[in-house]
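Here you go, sequence then predicted model.
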Amino acid sequence: MSSRGLLHRLACLDDLDALRGLMNAAISELQKPFLDERQIASSRAIMGLDTQLIDDATYFIVESDVKLAGCGGWSRRATLYGGDHSPGRSTVLLDPKRDAARVRAMYTHPDHIRKGVGRLILGLCEAAARSEGFNRAELMATMAGVPLYRACGYEAVERVEDARGGATVPLLRMHKLL
């Protein structure tokens with residue numbers, strides 16, 4: 001499907017190498033104004049792709065001119081953030097009547113920022129979560145992502161510092177009514 005020249009589809013396991021490359025570029029470049037080199041390295045350890053999202057068919061890819069421009073998804077599972085390698089992941093299913101859907105692993109390639117990629121992915125995630133009965137969404141934002149999420153109606157809930165990767169990385173838990 002297309003929106004403003006951007007194509008989107010669900011990710012599949014064949015996309016893993018390209019997704020990891022995009023995530024590395026996004027973490028390395030987009031976090032520079034907010035984090036030092038140690039924190040960026042730590043970010044790689046605590047962030048990344050949880051392939052459960054691909055298995056659940058809730059992870060989207062956005063392409064522009066056949067190039068990967070961004071990715072992101074949502075989850076009906078308890079984990080709020082982190083990749084396959086992150087400790088503490090939980091596959092427990094959420095109750096849409098009680099719990100907020102999780103927006104997860106949002107990344108935009110540095111060459112495609114401010115082109116509608118993030119907004120498109122958020123819209124896809126929110127619509128899919130609503131269709132499954134969720135009326136709230138929450139996410140864990142990097143400092144680079146906070147302006148986008150605020151512009152899309154997310155509000156701050158709690159400041160968090162995650163040092164599991166070796167250096168403290170500031171994050172902001174945010175939520176939104178759908």
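Received the coordinates, thanks.

For this protein, just list every one of the helices.
Listed in chain order, the helices of the chain (DSSP state H) span residues 16-30, 37-46, 52-55, 117-131, 146-151.

so where is the chain shaky, pLDDT-wise?
1-4 (pLDDT under 70).

residue farthest from the centroid of it?
In the chain, residue 97 marks the outermost C-alpha relative to the chain mean, sitting 22.7 Å out by Cα atoms, centre = their mean.

re earlier: output the helices of the chain in JSON lines; the columns should cover mean neighbour count.
Yep, even glycine has a C-beta here, placed from its N, CA and C like the rest. Below are the helices of the chain laid out as JSON lines (neighbours: other Cβ atoms under 10 Å):
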{"stretch": "helix 16-30", "mean neighbour count": "17"}
{"stretch": "helix 37-46", "mean neighbour count": "18"}
{"stretch": "helix 52-55", "mean neighbour count": "18"}
{"stretch": "helix 117-131", "mean neighbour count": "20"}
{"stretch": "helix 146-151", "mean neighbour count": "16"}
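
any chance of those helices in TSV, plus distance to residue 104?
As requested, those are arranged in TSV below (distance: least, Cβ to Cβ, whole Å):
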stretch	distance to residue 104
helix 16-30	12
helix 37-46	13
helix 52-55	6
helix 117-131	8
helix 146-151	13
